[in-house]
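Undergrad: Here you go, sequence then predicted model.
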Amino acid sequence: MIRQSIGRPARRFWHSSTGVGSVSTAGYLRRQLVWLLALTAVAVSALFSAYHEVHRDTAAISDRTGPAIVELARAHTLLRLAHTTAAEHLAYLTQHPEQPDILSFGEEYASLLTEARQSLDLADRTNALNRGDRQSLRIVSGLVDGYAKRIDGAWKQYDKPKLSRANLSYATTMMHAKSSGVLNRIADLQSKQSAALDRQQEWGTAPLLTWPVAVASCLLLGVRLVGIQFFLRRRFRLRLSIPLAAVTLLLAALPVLAYGTWEAHGCQADVRGVAARLEPAGRPVAQGTIDEVESDMSEALSGGNAGGWARVTLFVPLAGVLMAGVVLWTLRSHLAEYTYPRKPGGGRR
């Protein structure tokens, strides 16, 4: 019963595609033209939506979310190290004011703080953060400036232990306060970017809905294109329509694009796995680990050739326009040939 309910519409569709029965040539060609253009539009639209959605997320991960996560983690680590360095040096100077700073406090601390500021700036430049998060990042940068002034004050007043400790205590609060501290704010931004990465590496609703539509439309389009070849052979004694055969061959790009989408999603999952090494946000992470994560992210994306697959996105609408143009030109040519057949001398009747 089920086979009959499926088989009858399939046979009717095939008979409609091949023009079996007493159908007029002009009427068949006009109907086929409408069918082919409609199926091409649906197939290309669905395919572009499905393909573009996944590769747009890959570009976002590669250019924005991934770098933002790395730079925020790096800023968090550098600021934590800078504060530890400042506290150690100030403790040494307070206890030994008569001796020089043998640990080169100025150079080490300044270098760490400068690198941290650069990382915060790079995180902002990725454009991964929304308006609210960018405002939070600007607040963090302002707090870092205020923190640096407190450390500088403690440094200059190392020969006055009480004032030095007061400045250091205030700087410590600015850096480590649970709700409003610099490190806590950066960890919050890290968590938000990790959540964004989770959303981007999921399949999402659009691809899951549009891929079946794209596959079904391409299959129906292929059946129609094959069917019209049978009709042209029967009515026009044309062994093979080369333009329509070329359009049919273009449909072979569908599994290639499906493979590219699967590869891109695999790259996204790999990047997500690499980024997990920086979680939970706010925990101490070695600088070497952050550098490894950054390198592994880049390798995960290049290993699956995510950039190359993303550049294919433009091929989909261009191929659709080409297919529609070829179909329109070919069928209108056959329709004109049938409606106004040539005279024996080569002109129109």
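TA: Sure thing, it's come through.
Undergrad: could you pull out the helices for the chain?
TA: Counting by DSSP state H, the segments of the chain that form helices are 2-18, 25-60, 66-95, 105-125, 131-156, 161-176, 182-201, 205-235, 242-250, 253-275, 287-303, 306-311, 315-339.
Undergrad: Go through those helices and pick out the most buried.
TA: Stretch with highest mean neighbour count among those: helix 66-95 (a mean of 22; mean count of other Cβ atoms under 10 Å). For the C-beta atoms, the positions are set from N, CA and C on the backbone; glycine is no exception.
Undergrad: Off-centre distance for it?
TA: 32 Å (Cα atoms, centre = their mean, to the nearest Å).
Undergrad: Report the inter-axis angle for that helix versus helix 105-125.
TA: For helix 66-95 and helix 105-125, the angle between their directions (axes from the mean of the first three to the mean of the last three Cα atoms, to 10 degrees) works out to 160 degrees.
Undergrad: as a whole number, average confidence for helix 66-95?
TA: Here helix 66-95 scores 90 as its mean pLDDT.
Undergrad: And it, what does it pack against?
TA: For helix 66-95, the elements it packs on are helix 105-125, helix 131-156, helix 161-176, helix 182-201, helix 253-275, helix 287-303, judged by 3 or more Cβ pairs under 8 Å, 6 or more residues apart in numbering; DSSP states H and E.
Undergrad: With distance to L335 and mean pLDDT added, can I get these in CSV?
TA: Shown next, in CSV, are those (distance: least, Cβ to Cβ, whole Å; pLDDT from 0 to 100):
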stretch, distance to L335, mean pLDDT
helix 105-125, 57, 91
helix 131-156, 56, 93
helix 161-176, 78, 89
helix 182-201, 48, 95
helix 253-275, 28, 93
helix 287-303, 49, 92
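Undergrad: and of those helices, who's closest to Y51?
TA: helix 253-275 (5.5 Å; Cβ to Cβ).
Undergrad: Kindly export that closest one (C-alpha atoms) in PDB.
TA: Taking Å, rounded to 0.1, in the frame of the first residue of the first chain, the C-alpha atoms of helix 253-275 are listed here in PDB:
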ATOM      1  CA  ALA A 253      28.500  19.600  -7.200                       C
ATOM      2  CA  LEU A 254      25.800  18.900  -4.600                       C
ATOM      3  CA  PRO A 255      27.700  16.000  -2.900                       C
ATOM      4  CA  VAL A 256      30.900  18.100  -3.100                       C
ATOM      5  CA  LEU A 257      29.300  21.000  -1.300                       C
ATOM      6  CA  ALA A 258      27.800  18.600   1.200                       C
ATOM      7  CA  TYR A 259      31.300  17.200   1.900                       C
ATOM      8  CA  GLY A 260      32.600  20.800   2.200                       C
ATOM      9  CA  THR A 261      29.900  21.600   4.700                       C
ATOM     10  CA  TRP A 262      30.700  18.500   6.800                       C
ATOM     11  CA  GLU A 263      34.400  19.400   6.700                       C
ATOM     12  CA  ALA A 264      33.700  22.900   7.900                       C
ATOM     13  CA  HIS A 265      31.600  21.700  10.700                       C
ATOM     14  CA  GLY A 266      34.300  19.300  11.700                       C
ATOM     15  CA  CYS A 267      36.800  22.200  11.800                       C
ATOM     16  CA  GLN A 268      34.400  24.100  14.100                       C
ATOM     17  CA  ALA A 269      34.100  21.100  16.400                       C
ATOM     18  CA  ASP A 270      37.900  20.800  16.500                       C
ATOM     19  CA  VAL A 271      38.400  24.500  17.400                       C
ATOM     20  CA  ARG A 272      35.800  24.100  20.100                       C
ATOM     21  CA  GLY A 273      37.700  21.200  21.600                       C
ATOM     22  CA  VAL A 274      41.000  23.200  21.500                       C
ATOM     23  CA  ALA A 275      39.300  26.200  23.100                       C
END
